[in-house]
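[1] Got a sequence here, can you build the structure:
(3 chains)
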Amino acid sequence: MANSMTLAELATRISARLEGPGDAVVHGFAPIEDAVEGQVTFIAHGKYNAAARISRASAIIAREAVPGASATFLIAANPYLAYATAVELFHPPYRPGAGISGKADIHSTAVICAGATISAFVSIGEGSTVGAGSILFPGVVVGRNVRIGSDCRIYPNAVIYDDVVVGDRVILHAGSVLGSDGFGFAPSATGYKKIPQVGTVEISDDVEIGANTTVDRAALGVTRVGRGTKLDNLVQVGHNVVIGTDTVIASQTGISGSCKVGNRVMIGGQSGLAGHLEIGDGIMLGAKCGVADSLKASDSKVWSGIPVMPHGTWLRNAALMPKLPELFRRVAHLEKDNRSKGDE
Amino acid sequence: MANSMTLAELATRISARLEGPGDAVVHGFAPIEDAVEGQVTFIAHGKYNAAARISRASAIIAREAVPGASATFLIAANPYLAYATAVELFHPPYRPGAGISGKADIHSTAVICAGATISAFVSIGEGSTVGAGSILFPGVVVGRNVRIGSDCRIYPNAVIYDDVVVGDRVILHAGSVLGSDGFGFAPSATGYKKIPQVGTVEISDDVEIGANTTVDRAALGVTRVGRGTKLDNLVQVGHNVVIGTDTVIASQTGISGSCKVGNRVMIGGQSGLAGHLEIGDGIMLGAKCGVADSLKASDSKVWSGIPVMPHGTWLRNAALMPKLPELFRRVAHLEKDNRSKGDE
Amino acid sequence: MANSMTLAELATRISARLEGPGDAVVHGFAPIEDAVEGQVTFIAHGKYNAAARISRASAIIAREAVPGASATFLIAANPYLAYATAVELFHPPYRPGAGISGKADIHSTAVICAGATISAFVSIGEGSTVGAGSILFPGVVVGRNVRIGSDCRIYPNAVIYDDVVVGDRVILHAGSVLGSDGFGFAPSATGYKKIPQVGTVEISDDVEIGANTTVDRAALGVTRVGRGTKLDNLVQVGHNVVIGTDTVIASQTGISGSCKVGNRVMIGGQSGLAGHLEIGDGIMLGAKCGVADSLKASDSKVWSGIPVMPHGTWLRNAALMPKLPELFRRVAHLEKDNRSKGDE
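    Residues are numbered from 1 along each chain as shown, chains lettered A, B, ... in the order given. Modelled structure (predicted):
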């Protein structure tokens, strides 16, 4: 159930400045065009000012008040961040009661810390530990010698293979897989021989991993995902990849084996990185990028295309591509002109 | 076990006109080159006429009889549709017995309607309902306050998060995930702060969702998939996306947050849509499209490329691309010619 | 726990020639820069010779000894293969004890051969068989009339639909799905009608299938993956696809329905094949390929691009693409020149 509070209380709790009356009681959030009395909304851009003026929301979180709007404003320097904090106040994430379901299967040597929740049909292998306050939803499978930190949320049917280490406050969405074998085979006279993948995976604190995303264990050593990094759904992370801190990788992107992706990198959806590349700190890759070489922010901060080029070049190219047939005609015309001049 | 019937009976049941004897008993389907006596096949194109003449099938569903073929013909205006109906007669989908497995875990407040099947290791949360005749195969996890309509088939290990609504006759394939958190984070001085995703997902009647496909819940409001729409395997649907009715989206396509995809749209495999776009009714996107702007059918019904352009333009481009090195040489040659003329 | 042995014993067991003392005991593997005394490493390329000279590893598997290195060398014609064999000696794959968990759900008609392991929360349907020595990890769901060969490893939460056949020594990673319905619908006046997918899937011996990869059952007939073929994570294989032997398909690739992919084919990540294509034996496709037509090795062994072209052409194109804006300017300049000459 959502909480409710006065606007004055809300303003205090999200460190916003109240502009307008603070006594109305609000109980939840809605998009600006749907919000009604008793609800809060937010605007991050001036383009929503017109919508703000006709909104029926009781309050609007914004960088500055919109003249002509009847709502109370909650003024914040970073409205999106204030909004995130406020939504959390109204809708704190659901916590099932702590304890171990009688329908779980926990190895006798596994350690489940106080306050953890182990749901039905969860399997936890020999020597593994689950930290305080962590929630394992139904169907989660944890292998042997796995360490899961505290206050994690591991959604249904996620799978963690043997020896993987998961930090604190990590969120793993449904169906995500940590520690599957990297893709390595040695050609031989009788077909491919599997290279045993005997390394592991380490997921740092505050990482979130999307539904059905896969992170392969290292061949030797460790595949790492750094603190605060967020992976969207259906992302592939190959063996021995190292991803830095506060990096954001959108859906269906693939990072091939042994890549080093820096800190605060942003990668658009459906992008692909070839193996053994380094992507420098702070680089932004557009959607559907194909990256075949290492990239430095000093060459370009933003890259796009297959293969990637600086984003500005790519934009010019993209505009010209539909004119390519015309260019061929123009060149043929010039050649004809030159020939006819040669005949003169 | 497959059923069997006479050709005359089959013709009646699929509303086809019998051309040839109707007394042979048939018991199943096979591709035209493999079919033997007692089996039925179908042809949708004249290019299979030669195969029809030498086929050993007892009957062929077709738009018109093929002269010289020995099989009985079952003439239908839409042979593919008649074939679909006929296959279903022979191979009705398997239905496990109704009832709740003693190895399921059902919250005491959940409502399981008569005739539903709840298999082993299925988990159903507080306040959720499962409609009459719906089948939940083993390992399916249903969160809290979920509504599942009647006559659904939910294949093993599919996951439905809290509050999601699923209509009637919906098929969810194995490992699909409905209602995982949308990908939204507010940058802050200490790293990304998660935007709580407090909306939900609504799946309309007659939708089919492929294996390991993911549909994220809305940040606020609802992510919707409209009546009769079909999503293939490994598709990603972002938060707050709205997809219309009778739309077909092929494998590994990604629809970014807040897109509105119209009715009767067709999207080829591995396509990607940037966020907040509108794709008009009836539009067709080729495979591997990259869509960065909203598209209207009045501009072009069919689009291809990265970024997309009208399909005809793209076809011409695709043919010219391998000639690009030659074009550069031709232009260099023209420049040399001009220079040498300038020297004259 | 890893094993340990002398270098002389290791050399014998991997059929390598010892160059240097063979009495040191080694107990595991590490990358060349991390390895310490008691560990083995390997080099496959001369570019690691400098690293070999300063490595603290007790032994190095290589094609030839590196002068100046202090480690013992284990000389092998195929160092990568020798390494694979050696890693397996030190780290044999974990085998849980044989037997059927009391928390599994096995139909009374299913046959579990001696030496198989059936873990908790595994479900096995009517008439299915699991061969000797096969391991089903927790949460695996096996439908009806499935045949699983011997010595398979089926990782947590993998799903095998009814009637699928799996050979010997097959590895299925977590969340993989075999036998989901192919994507086939007949348009009708009232929306799409599902084409029942009544074929099946056959996975041959020694196949490995990655995490969350999906292989659809045939509409009629069989979807096949040939002996020794390896599919990476998040790959999609459509209905009625036939893949040959010893073929390797990297992550997030999609193979559309009815494609025939030959033997010893290599396909880079995120590639896509349109339906009904034939890819000849031994062909190599780069990453992110878009294939719209059948390919023969006699035309080109290596292909790249969207749509694909011979790799050499694609490389030249990729180098020229960033110069496209310049080419447009050069052509405009030539046209201006010609016009001004026309004015003379």
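[2] Which stretches in the stretch 51-200 of chain A count as helices?
    A:79-90 (DSSP state H, counting those that start in this stretch).
[3] looking only at pLDDT, what's the mean for stretch A:194-202?
    Mean per-residue pLDDT for stretch A:194-202: 96.
[4] Kindly check the end-to-end length of that stretch for me.
    23 Å (CA to CA, to the nearest Å).
[5] got a list of contacts for it?
    Applying CB atoms under 8 Å, 6 or more residues apart in numbering or on different chains, the external contacts of stretch A:194-202 come out as A:161-165, A:167, A:178-179, A:181-182, A:184-186, A:215-225, A:239-240, C:29, C:80, C:83-84, C:87-88, C:90-91, C:93, C:171, C:208. All C-beta spots, glycine's among them, are computed from the backbone N, C-alpha and C.
[6] Show me which of these are buried.
    The neighbour-count test (16 or more other CB atoms under 10 Å in any protein chain shown) marks A:161-165, A:167, A:178-179, A:181-182, A:184-186, A:215-225, A:239-240, C:29, C:80, C:83-84, C:87-88, C:90-91, C:171, C:208 as buried among the contacts of stretch A:194-202.
[7] Any idea what the nearest residue to A:Ile106 once chain neighbours are set aside is bridged to?
    Of all residues not flanking A:Ile106 in the chain, A:Ile124 sits nearest, at 4.7 Å (CB to CB, 6 or more residues apart in numbering or on different chains). Using DSSP bridges, the bridge partners assigned to A:Ile124 are A:Ile106, A:Val142.
[8] got the residues of the stretch 1-150 of chain A near chain C?
    A:Asp105, A:Phe121, A:Ser123, A:Gly139, A:Val141, A:Gly143, A:Arg144 (CB under 8 Å from any CB of the partner chain).
[9] can you tell me which residues contact the closest residue to the fifth one other than its chain neighbours?
    Of all residues beyond its chain neighbours, the one nearest A:Val141 is C:Pro156 (3.7 Å), with distances taken as CB to CB, 6+ apart. Taking CB under 8 Å, 6+ apart as the criterion, C:Pro156 is in contact with A:Ser123, A:Val141, A:Gly143, A:Val159, C:Phe137, C:Pro138, C:Gly139, C:Val140, C:Ala174, C:Gly175.
[10] How about A:Ser340?
    Counting by CB under 8 Å, 6+ apart, A:Ser340 has no contacts.
[11] Next, give phi and psi for it.
    Backbone torsions for A:Ser340, taken as degrees, to the nearest 10, come to phi -70, psi -30.
[12] swap in A:Thr109?
    Backbone geometry at A:Thr109, expressed as degrees, to the nearest 10, gives phi -90, psi -10.
[13] I'd guessed it sits against A:Thr129; true?
    No: counting by CB atoms under 8 Å, A:Thr109 does not reach A:Thr129; the two are 9.8 Å apart.
[14] which one of these two has more residues nearby?
    Shown here are A:Thr109 and A:Thr129; by other CB atoms under 10 Å in any protein chain shown, A:Thr129 has more neighbours (18 against 13).
[15] separation between the more buried one and chain B?
    24 Å (CB to the nearest CB, to the nearest Å).
[16] Now do the contacts for the residue nearest to that residue when sequence neighbours are not counted.
    What sits nearest to A:Thr129 in space, not counting adjacent residues and going by CB to CB, 6+ apart, is A:Val111, at 4.3 Å. With contact taken as CB under 8 Å, 6+ apart, A:Val111 is in contact with A:Ser128, A:Thr129, A:Val130.
[17] got it, and A:Val242?
    Listed by CB under 8 Å, 6+ apart, the contact partners of A:Val242 are A:Thr223, A:Arg224, A:Gly226, A:Cys259, A:Lys260, A:Val261.
[18] One more pass at 6 Å, please.
    The contact partners of A:Val242, by CB atoms under 6 Å, 6 or more residues apart in numbering or on different chains, come to A:Arg224, A:Lys260.
[19] how close does it sit to A:Ile255?
    10 Å (CB to CB, to the nearest Å).
[20] And for A:Leu178?
    For A:Leu178 relative to A:Ile255 (CB to CB), the value is 14 Å.
[21] And for A:Ala219?
    Going from A:Ala219 to A:Ile255 by CB to CB gives 15 Å.
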